[in-house]
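J.: Predicted coordinates and the sequence they were generated for:
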Amino acid sequence: MKNEQLFDHLAENYDSAETRYLSKVASTAIRKVLGETEKQTAMDFGCGTGLVGLELIDSFRSIHFIDASHKMIAQVESKIKDRRLTNATTHCVDLELDNQLSSHADVIFMSLVLHHISDRQKVVTKLFDLLNAGGELIIIDINKEESDKAELKHRHHNTIDKNELIDLLTDIGFSISETSSILVDEEIMKKSIKSLFIIKATK
């Protein structure tokens with residue numbers, strides 16, 4: 001099953017307690033590494049139902065919510081309408097294919113997305129091109145030693161080595177300005193995930 005088909009299937013019931021918790025952890029971590037953003041445009045890439053981006057929407061002039069799943073985007077659009085937001089737009093695009101975006105941004109963030117992507121170099125290169133000069137890419141994902149555990153393999157089969165990812169980002173043209181680990185509440189996550197990493201890379 002392709003990623004977009006899988007997440008179309010999950011969209012309606014995606015906002016579980018665990019997902020909401022991880023999204024709050026991610027948005028808090030992103031906010032900590034952001035500089036001045038009030039006049040900037042952001043992209044929430046692989047936004048899912050928009051949990052992370054909607055937590056951060058007051059920090060930006062506008063946010064583009066981007067996902068390959070039509071049903072995930074429909075969930076975001078419903079939330080935008082319910083909140084009467086005027087600084088949010090949605091785009092259903094799969095950058096692993098040849099789909100393109102015409103919009104650009106000062107900040108792109110992606111939370112627990114990259115481990116679902118097979119051709120990371122292709123996608124991250126496209127994100128580099130979508131950033132304005134001096135723009136920042138912020139990536140949050142599961143530490144490789146966590147995602148390699150047997151109980152996680154069915155969900156996180158494309159594991160990520162943080163150091164290999166840093167090398168990839170550098171080769172593409174990014175400068176790494178922040179990297180650290182984030183501990184999560186094992187009780188809430190039922191011991192399935194212990195820690196995440198965050199990387200901030202500047203174009």
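T.: Structure's in. What do you need? Everything quoted here is computed from the prediction, not taken from an experiment.

J.: neighbours around the closest residue to residue 46 other than its chain neighbours, how many?
T.: The shortest distance from residue 46 to any residue other than its chain neighbours is 3.2 Å, reached at residue 113 (CB to CB, 6 or more residues apart in numbering). All C-beta spots, glycine's among them, are computed from the backbone N, C-alpha and C. Residues lying near residue 113 (other CB atoms under 10 Å) number 21.

J.: I'd assumed residue 141 was in contact with residue 113.
T.: Yes: A contact is recorded between residue 113 and residue 141 when judged using CB atoms under 8 Å, the distance being 7.4 Å.

J.: on that earlier part again, now do the phi/psi pair for the residue nearest to residue 46.
T.: The phi and psi values for residue 113, taken as degrees, to the nearest 10, are phi -120, psi -40.

J.: that's a strand at residue 180, yeah?
T.: Yes: under DSSP: H, G, I helix; E, B strand; the rest coil, residue 180 falls within a strand.

J.: Need the nearest residue in space to it, chain neighbours excluded.
T.: Residue nearest to residue 180 in three dimensions, not counting chain neighbours: residue 198, with 5.8 Å by CB to CB, 6+ apart.

J.: Can I take it that residue 141 is in a strand?
T.: Yes: under three-state DSSP, residue 141 sits within a strand.

J.: hey, what's it bridged with?
T.: residue 197 (DSSP bridges).

J.: how far away is it from residue 181?
T.: Taking CB to CB, to the nearest Å as the measure, residue 141 and residue 181 are separated by 11 Å.

J.: Tally up the residues packed near the closest residue in space to residue 183 that isn't next to it in sequence, please.
T.: Taking CB to CB, 6+ apart as the measure, residue 183 lies nearest to residue 195, with 5.3 Å between them; neighbours along the chain are not counted. A count of neighbours around residue 195, defined by other CB under 10 Å, yields 13.

J.: likewise residue 22?
T.: Applying other CB under 10 Å, we find 23 other residues in the vicinity of residue 22.

J.: Hmm, it is touching residue 195, no?
T.: No: Residue 22 is not in contact with residue 195 according to CB under 8 Å; the separation is 11.8 Å.

J.: where do the contact lists of the two overlap?
T.: residue 184 (CB atoms under 8 Å, 6 or more residues apart in numbering).
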